[in-house]
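Enquirer: sequence unavailable; structure follows:
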């Protein structure tokens, strides 16, 4: 997995000890076990655990590797009590996540996110970004804190790029937004101030072409990844934590929900949609206007909503035509 | 109903007497009855009638409360002749609306809309707007005449806000457009110069989160309303006169047509669409990619196009799979 | 057909002789016949051939008029060898197109596209554009090289217009992008640097209203055309080489794929989609959320996906409701 330094994008607001976390959680805390009181410098996702970090674990999370030092585990599942040295048991995990992460990192969904820009040739470029000198940047763009852009990339006009790393020879067309906030919150507690902080990034690999007025949300904790040589048309939405493998081709107005994994060499028709958290194999073709609700095997061609094998879909359509309107 | 002062957004171009209106309508006028010749200061919709205003009434309009003073009624329905003291009968109501309102108010679909901006920290802010000092505004935004924004709201980058009132703790993400022109015109007389003037506003209540590259059209005469705590994802379109009640959750690329009313606590999947002028109850769940064509009762869960009860939809899908592709 | 001067938008990088082209193609060239060695000043599409130009012809192309002087034909079909005096036979036509056109014209998908802007009243206006003095332009717009805009048009805020000609009384709403890059490339050779250069334009005729956050891709070689009096709602995507005839009405979030031809007086519901290269007749009504996959005759009303006659579609829906969920 490609790694990144979170603090390049989200400066640490407070460096917490577990005892500080314990204090922050207050009434939400129902039990705890603290064996050593180390400093927490990062947040981990269940699939990418780093040392000296805090990790939030839900009842449904599986396969966690606790083989790291100094992990502060926050959970709403009392079964975890034996599995970790440093553990905080809470009633409301989403609320705990919000309180802790909002106090730990600066991000752009709470006021006063710190950044500083130079105005260069019509666009605002963060002094904390790293843009290769060969990059072409149009007018009225915003390139925010921590953003890296590789050689010979072209950023057109009115583009907003935040919390993202872009490779070489990438093209981003007009009016697109990269690194926007993922749509993550507790459904029982809605509202802008209850948003789960999104402190991951977008990683766009070499030679990707992104159309106009697209939106790519950053990962919640890890990254939203766009593989090499991918071709993405206009008005496409890619949600947080999506992993799009190399050589994807995505036609206009398609939407990919959170945490979807798409294999290599995909070809996806326009106005298609994907349910969250599904896995699409390699070399898959998805016809236009499909609604993909389940995992799809390698080398499949699917169509319709719910998407099924395209031959079956065509037969179904013919049958519906014949018998459907008598 | 929340009220607003139209002239904060649409300055009066001419203060008309009914006799002036009569002159403007010329050949379009087939009959009239003028009992007192008052000054007209506003326009009313059929559901929100104010004094000293003009109101346009169609054959199909019902339940009008004429219990106000100094109403100038313009209609294409001769049956209204007995119902009002001051009435102008026209052949083409849409044309009458256009001529009168284009001459009465400045708006941004005819040239020379008057506004004046200061350039503050990378964005154009109208000197006629009221932005609380705690509001964070990103780069390359335009905040136009009359706009109000409440405490602690965050407006990200490249956002355009016109003819709108935003509450407290609202977040508007990058490249979104609020207060855009509603899609209203006479289908038999198309073209930019035949657009029905849209002189209402957008009201976004407290704690709403709006994603990137969304468009929210302003009301035609009254308002498009977004209820408290609503969470709206990227690339969502909300048309003119929509009323979205509190705690809505709307996933990406959904489109809500004009005058749709949606009850509290709605959860709406991505790429859903709604026919115009329908009413959705409270606590309704609408699955992704639904096409909602009719009113939906409280507490329903619907799916498909046309959207039906989700259990029925699932059975139908299974049956189609079984018999559909023999 | 309306003509335009390509070099107003795409300055000539190199003025090639056929012998230069022959050199550029190198290993890709399998045979050639050069009878006179003229200068090539333009590119032609198969349906609009101009003199002293280069033209790329595929096996599937039909009906070509060779009745012009000094045509350099590049093809992957050896059957063309007898049909032209100056012909280059290549193995990979897409690659030949890319190499030649990228070396012949400057365009905005390779670095260092030459343009020069003045900053006027909050927007960047190319010194190589022709904007009528009566045009209203909002803030944070970019009007690029070669763009023409006719009398009394209104360009709202944060709009990007490139490689386009706009007529009179046109309205372009906020955050829209006109003249963006068409989605054209060899499916077997993906990636931003393998994009087929798009060196056509967008032509928007008089009195068109375009909504917010729309994207209109420019033609590949000729033009994407939007007919007079057309009304286009928000978040609509119109791909390269589309021809939309007069008086179109297109509701929000519709997507029209490449090279679709739509007749006069069309009315197209929201979230509709069109397969590429189809032809829609005059006076056609397409219901919301339709997926149009085939040619549609004049005066048809269609619905569904695949779109069929709306009466048949309604019967089918009723039948599915009855038998579908037993």
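Expert: Sure thing, it's come through. These numbers were taken from a predicted model, which means no experiment stands behind them.

Enquirer: got the buried residues for the one helix or strand in chain A whose mean pLDDT sits lowest?
Expert: Here the helix or strand of chain A ranked lowest by mean pLDDT, DSSP states H and E is helix A:310-324, holding a mean of 87. With burial defined by 16 or more other CB atoms under 10 Å in any protein chain shown, the residues of helix A:310-324 counted as buried are A:310, A:312, A:313, A:316, A:317, A:320, A:324. From N, CA and C alone the C-beta is placed, and that goes for glycine too.

Enquirer: ditto for stretch A:100-109
Expert: A:100, A:101, A:102, A:104, A:105, A:106, A:107, A:108, A:109.

Enquirer: ok, residue A:51 - contacts?
Expert: By CB atoms under 8 Å, 6 or more residues apart in numbering or on different chains, the contact list for residue A:51 reads A:68, A:69, A:70, A:71.

Enquirer: over to residue A:55?
Expert: Residue A:55 neighbours (CB under 8 Å, 6+ apart): A:43, A:44, A:45, A:46, A:49, A:64, A:71, A:72, A:73, A:74.

Enquirer: compare those and tell me which is most surrounded.
Expert: residue A:72 (26 neighbours; other CB atoms under 10 Å in any protein chain shown).

Enquirer: and that one, what helix or strand is that in?
Expert: For residue A:72, the element it lies in under DSSP states H and E is strand A:71-75.

Enquirer: and what of residue A:62?
Expert: Short version, using DSSP H and E: residue A:62 is in no helix or strand.

Enquirer: tally of neighbours for it?
Expert: Neighbour count of residue A:62, defined by other CB under 10 Å: 7.

Enquirer: same thing with residue A:99?
Expert: Using other CB under 10 Å, residue A:99 has 18 other residues around it.

Enquirer: equivalent analysis for residue A:152, please.
Expert: Residues lying near residue A:152 (other CB under 10 Å) number 19.

Enquirer: that one against residue A:168, yeah?
Expert: Yes: contact criterion CB atoms under 8 Å: residue A:152 and residue A:168 qualify, at 5.9 Å.

Enquirer: can you pull the contacts of the closest residue to chain C within the stretch 101-250 of chain A?
Expert: Per CB to the nearest CB, residue A:229 is where the stretch 101-250 of chain A lies closest to chain C, at 3.5 Å. Taking CB under 8 Å, 6+ apart, we find residue A:229 in contact with A:206, A:207, A:208, A:246, A:247, C:190, C:191, C:192, C:194.

Enquirer: now a ChimeraX select for only the buried ones of those.
Expert: The buried residues among these can be selected in ChimeraX (16+ other CB under 10 Å) with this line:
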select /A:206,207,208,246,247 /C:190,191,192,194
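
Enquirer: centroid-nearest residue for chain A?
Expert: By CA atoms, centre = their mean, chain A has its centre lying nearest to residue A:219, at 2.1 Å.

Enquirer: let's have the buried residues of helix A:310-324 in JSON lines, adding distance to residue B:263.
Expert: Listed next are these as JSON lines, based on distance: CB to CB, whole Å:
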{"residue": "A:310", "distance to residue B:263": "38"}
{"residue": "A:312", "distance to residue B:263": "38"}
{"residue": "A:313", "distance to residue B:263": "35"}
{"residue": "A:316", "distance to residue B:263": "35"}
{"residue": "A:317", "distance to residue B:263": "35"}
{"residue": "A:320", "distance to residue B:263": "33"}
{"residue": "A:324", "distance to residue B:263": "33"}
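
Enquirer: and residue A:291, backbone torsions?
Expert: In terms of degrees, to the nearest 10, the main-chain angles of residue A:291 are phi -120, psi 100.

Enquirer: leaving aside the residues next to it on the chain, what's closest to it?
Expert: Counting by CB to CB, 6 or more residues apart in numbering or on different chains, residue A:291 lies nearest to residue A:305, which is 3.2 Å off, once chain neighbours are set aside.

Enquirer: that neighbour in helix, strand or coil?
Expert: With DSSP: H, G, I helix; E, B strand; the rest coil as the basis, residue A:305 sits in coil.

Enquirer: ok, is stretch A:202-220 in contact with chain C or not?
Expert: Yes: using CB under 8 Å from any CB of the partner chain, stretch A:202-220 reaches chain C at A:207, A:208, A:209, A:211, A:212, A:213.

Enquirer: chain B: which of those residues is nearest?
Expert: Lowest distance from chain B to the residues of stretch A:202-220 next to chain C (CB to the nearest CB) belongs to residue A:213, with 5.4 Å.

Enquirer: pretty sure the closest one sits against residue C:212.
Expert: No: if you go by CB under 8 Å, residue A:213 and residue C:212 don't touch, sitting 9.9 Å apart.

Enquirer: before we move on, the earlier item: need the overlap of contacts for residue A:152 and residue A:168.
Expert: Common neighbours of residue A:152 and residue A:168 (CB under 8 Å, 6+ apart) are residue A:132.
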